[in-house]
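> Fold the following.
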Amino acid sequence: MSSEDLELLVTREMPFGKHKGTLIADLPGNYLNWFAREGFPKGEIGRLLALMQEMDHNGLRPLLNPLRKNLR
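All right, here's what the predicted structure looks like:
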């Protein structure tokens, strides 16, 4: 995980599926958990989804709030 990865969570949108267009940081926990069970996609999007799932699972979503404010 890098600071660039954390910035991508609050700027990158989900490119496909039910939540297409939703920021990775705003994806619901149950959707992230589904990927954790079924397998994350390959590449950057899978890496970001896995990171967001880990953050959500450990209650760390609030750590992204300062990044959101800096990007406005």
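> how much space between residue 47 and residue 36?
13 Å (Cβ to Cβ, to the nearest Å). The way it works is simple: take the backbone N, C-alpha and C, and place the C-beta from them, glycine included.
> can you point me to the longest helix in the chain?
Longest helix in the chain by number of residues (criterion: DSSP state H): helix 43-57.
> quick check: mean pLDDT across the helix or strand hosting residue 36?
Element membership for residue 36 (DSSP states H and E) is helix 29-38. Averaged across helix 29-38, the pLDDT comes to 97.
> Which neighbouring elements make contact with that helix?
helix 43-57 (3 or more Cβ pairs under 8 Å, 6 or more residues apart in numbering; DSSP states H and E).
> Quick check: buried residues in the helix it packs on?
Neighbour counts over helix 43-57 (16 or more other Cβ atoms under 10 Å) mark 45, 48, 49, 50, 51, 52, 53, 55, 56 as buried.
> Dump those to JSON lines, plus pLDDT.
As requested, the buried residues of helix 43-57 are exported to JSON lines (pLDDT from 0 to 100):
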{"residue": "45", "pLDDT": "97"}
{"residue": "48", "pLDDT": "97"}
{"residue": "49", "pLDDT": "98"}
{"residue": "50", "pLDDT": "98"}
{"residue": "51", "pLDDT": "97"}
{"residue": "52", "pLDDT": "98"}
{"residue": "53", "pLDDT": "98"}
{"residue": "55", "pLDDT": "97"}
{"residue": "56", "pLDDT": "97"}
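> Just put the residues you listed in TSV and tack on distance to residue 8.
Converted to TSV, the buried residues of helix 43-57 look like this (distance: Cβ to Cβ, whole Å):
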residue	distance to residue 8
45	10
48	6
49	11
50	13
51	9
52	10
53	14
55	13
56	16
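> Could you figure out how far the helix holding residue 36 is turned away from helix 43-57?
Counting by axes from the mean of the first three to the mean of the last three Cα atoms, to 10 degrees, helix 29-38 lies at 120 degrees to helix 43-57.
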